[in-house]
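Engineer: Dropping a prediction and its sequence here:
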Amino acid sequence: MKILIVDDEMVSRTKLKLIMENFGECEAVDNGKDAVAVFDKAHRQGRPFGLIMLDIDMPEMDGVEVLSEIIEAEIKLPISRKHKAKILMVTSFTDKDRVVSCIQSGCDDYIAKPFDLNTIGKKLSKLGVRLRNNQPETKDSESSQVNNSTHLIDSIVSAFEGRKINLPTLPKIHFKFRELIMQGAVSQRIADLLKKDVAISAELIRMSNSAYYRGVMVNKSLAQAISRLGAAATEQAVAELTGREFFTMKTQKYRSLIEKVWKHSIACAYASEIAADLLNLKLAADPFSMGLLHDIGKLVLLQIIADMERKGKFNGGITTDKLIDTISTYHCVFGARLLEKWKYADSYVKCASNHEDIGPDKDEDQEETPPQEILIVRFANMAAKSMGYSLEEKDYSDL
């Protein structure tokens, strides 16, 4: 069964998606207009949704309006009563009149927040919807596992949105440096920027005086060092120095995981840049920076979970398998949200959100081809994994 989840709140949407994946294949959107568009597209492709979880209270186009448009669309198509989607309204209100109005308009039932697997399971069982594999009941072990998972992600999202943790600081000097490189700036302009960071300045001067680069004279200025090293070597050194500081973790337990995320990110950054150069693509965003930031959600989740564990939020800690599974499942949505907080361009946000979508699209009438920036990073992401730079222990050799 295909399930559509419509909710503008990240906490509720993420938690509901985690629960509903036990009942079918889920797709989630954060506004009413997208919900109507996705619903219509699914019908045109012959793969309609069998169940829609629709939040009542949303900005611009609320759940009641979405409900009306969906029902009207089902009448026009036309769709028999037997094949119409089951629609459950999700609400945090106790407004009985509003709920009754939705039921009178054609929804099948409603679910009040907060919810869990058992609550939703009981509602859906009345509509003939069962857990996957046609299981008649929710086993206690399954219920406990899912509820623990929803509690974990609920806590993480609350910490993220509520600013209860210190989010990583954006390495601005690196991105300003990248802008100068792309503009073809002279060594002195680059030196004027980099001299603001003592550690970077010292390392570049040291490198320029190493046995590999050293000339007749000893370099004493940053401008001289950059001129001797060249743009490529300077760029690589700056990326590694700024990124290294960014991808750090004080907690010993998480250092090896952060190390893997860092190696994958820097590999993806270079792979993105090389691929774009080889294909002679003129992209709307810097491929190196997009590759470096595509997995920023993993870094954020690791930092949040480490902070929560340090504060005793998990009884007995969290297992490595559970940690990696959570990060792999939710890093895209968290990465995109963080880049939104940082006011990044939409291309960066979409790259963080969609870089794991691989392979050809199954839909024959795909309306849009993903932007070239996303396609490049998707390829670079898989290329880096195929070379062994990955957080997950999987075989990515078949690129």
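Structural biologist: Perfect, thanks for sending it.
Engineer: Quick one: mean pLDDT for whichever strand or helix holds residue 274?
Structural biologist: Secondary structure from DSSP states H and E places residue 274 in helix 252-278. Averaged across helix 252-278, pLDDT comes to 88.
Engineer: Would you confirm that residue 297 contacts residue 328?
Structural biologist: No. Counting by C-beta atoms under 8 Å, residue 297 sits too far from residue 328 to count as a contact (10.0 Å). C-beta here means a position set from N, CA and C on the backbone, and glycine is covered the same way.
Engineer: So these two - more neighbours on which side?
Structural biologist: Between residue 297 and residue 328, counted using other C-beta atoms under 10 Å, the more crowded position is residue 297 (24 against 15).
Engineer: what's the spacing between residue 152 and residue 257?
Structural biologist: Residue 152 sits at a distance of 17 Å from residue 257 (criterion: C-beta to C-beta, to the nearest Å).
Engineer: Any buried residues in the helix holding residue 274, and which?
Structural biologist: 254, 257-258, 260-276 (16 or more other C-beta atoms under 10 Å).
Engineer: Next: stretch 380-389.
Structural biologist: 380, 381, 382, 383, 384, 385, 389.
Engineer: Spit out the contact partners of residue 203.
Structural biologist: Neighbouring residues of residue 203 by C-beta atoms under 8 Å, 6 or more residues apart in numbering: 237, 241.
Engineer: Number the residues from 48 up from this point.
Structural biologist: Understood, numbering begins at 48; the last thing we discussed is residue 250.
Engineer: Distance of it relative to residue 340?
Structural biologist: Going from residue 250 to residue 340 by C-beta to C-beta gives 22 Å.
Engineer: ok, back up a step: which SSE is immediately downstream of the helix holding residue 321?
Structural biologist: helix 334-340.
Engineer: For stretch 382-400, buried residues please.
Structural biologist: Applying 16+ other C-beta under 10 Å to stretch 382-400 flags 382-386, 391, 394-400 as buried.
Engineer: for it, how far is the first residue from the last?
Structural biologist: 7 Å (C-alpha to C-alpha, to the nearest Å).
Engineer: model confidence over it, on average?
Structural biologist: Stretch 382-400 comes out at a mean pLDDT of 85.
Engineer: Helices along the stretch 148-297 of the chain, start to end?
Structural biologist: 164-173, 187-208, 219-230, 234-241, 245-255, 269-293 (DSSP state H, counting those that start in this stretch).
Engineer: Show me the shaky parts of this structure.
Structural biologist: Within the chain, the ranges that satisfy pLDDT under 70 run 140-143, 180-198, 208-218, 263, 290-293, 295-299, 362-364, 405-415, 440-446.
Engineer: How is it divided into domains?
Structural biologist: Residue ranges for the domains of the chain, per automatic domain parsing: 49-208, 215-293, 295-446.
Engineer: just to revisit the earlier point, quick check, nearest of the buried residues of stretch 427-436 to residue 54?
Structural biologist: residue 428 (27.9 Å; C-beta to C-beta).
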